[in-house]
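**Student:** Mind folding the following:
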Amino acid sequence: MRIKEARQLRGRARDVARSVAAWRERRAADVDQPVRHVVPDLGVVAVAQRAPRTIDELRKVRGLDGRHYKGVVAEGLLGAVATSDQLPPLEVDAARRDNGNDVRAAVTLVSAWVAQLSRDIDLDPTLVGTRSDIEDLVRGVADAKMTTGWRHQVVGGPVETYLVGGLHWLSTVVAACCWNRVASELERPSALPVEVGGPR
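**Tutor:** Numbering: from 1, shown residues only. Down below sits the predicted model:
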């Protein structure tokens, strides 16, 4: 889920957040506005936590304002809450990677690899993916930015393959990548040490 604050939700609250976020995407497309102008991220999380069933309950949700309590917006929010139990389960939940040291280590290794790769192809590393994007990929978040398009082709696909091999394989790949970079730099004349001052 792309809403950072919603990633800690569990059970029904998480399903409600998914449903509300999906409705928000559709509504934003209909009115040609950014999704956060329709409902802010914190509003989505607050709705998920309280799961309002009526307008009165919706008014008690923090993070919303008057425009959310009436018309199609109120209907959309309440409808998203009501139908949240009809969502298919997230496949990633069954095979979600650990949230502990392994994930942090993998994110660090992948970040190093992405930084090196970005330099090699002359791209800004943040354009390829931020640390948050990399963490989403490593954790197996379903709609992670690096799972689609050119980012998946350049980074996501290879990283997913490396992760199957475990951290040892991934660390070996990163080490090899970094060593190749160092070796290529040392081959450049400008990279060779120059003695200053001549022999003593």
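
**Student:** For this structure, which segments count as helices?
**Tutor:** In the chain, the helices defined using DSSP state H lie at 11-31, 35-38, 41-50, 55-59, 71-82, 91-94, 101-120, 125-128, 131-139, 149-151, 157-164, 166-186.

**Student:** Worst mean pLDDT among these?
**Tutor:** When mean pLDDT is averaged over each of these, helix 91-94 scores lowest at a mean of 44.

**Student:** buried residues in stretch 62-71?
**Tutor:** Burial within stretch 62-71, assessed by neighbour count using 16 or more other CB atoms under 10 Å, is assigned to 64, 68. No exception for glycine: its C-beta is placed from N, CA and C like everyone else's.

**Student:** got the CA coordinates for it in PDB?
**Tutor:** What follows is stretch 62-71 as a C-alpha-only set of coordinates in PDB (Å, rounded to 0.1, in the frame of the first residue of the first chain):
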ATOM      1  CA  ARG A  62     -10.200  13.200  12.300                       C
ATOM      2  CA  GLY A  63      -8.400  14.300   9.200                       C
ATOM      3  CA  LEU A  64     -11.700  15.000   7.300                       C
ATOM      4  CA  ASP A  65     -13.500  18.300   6.800                       C
ATOM      5  CA  GLY A  66     -17.000  19.500   5.700                       C
ATOM      6  CA  ARG A  67     -16.600  18.500   2.100                       C
ATOM      7  CA  HIS A  68     -16.200  14.900   3.100                       C
ATOM      8  CA  TYR A  69     -19.500  14.800   5.000                       C
ATOM      9  CA  LYS A  70     -21.900  15.300   2.100                       C
ATOM     10  CA  GLY A  71     -22.800  14.300  -1.500                       C
END
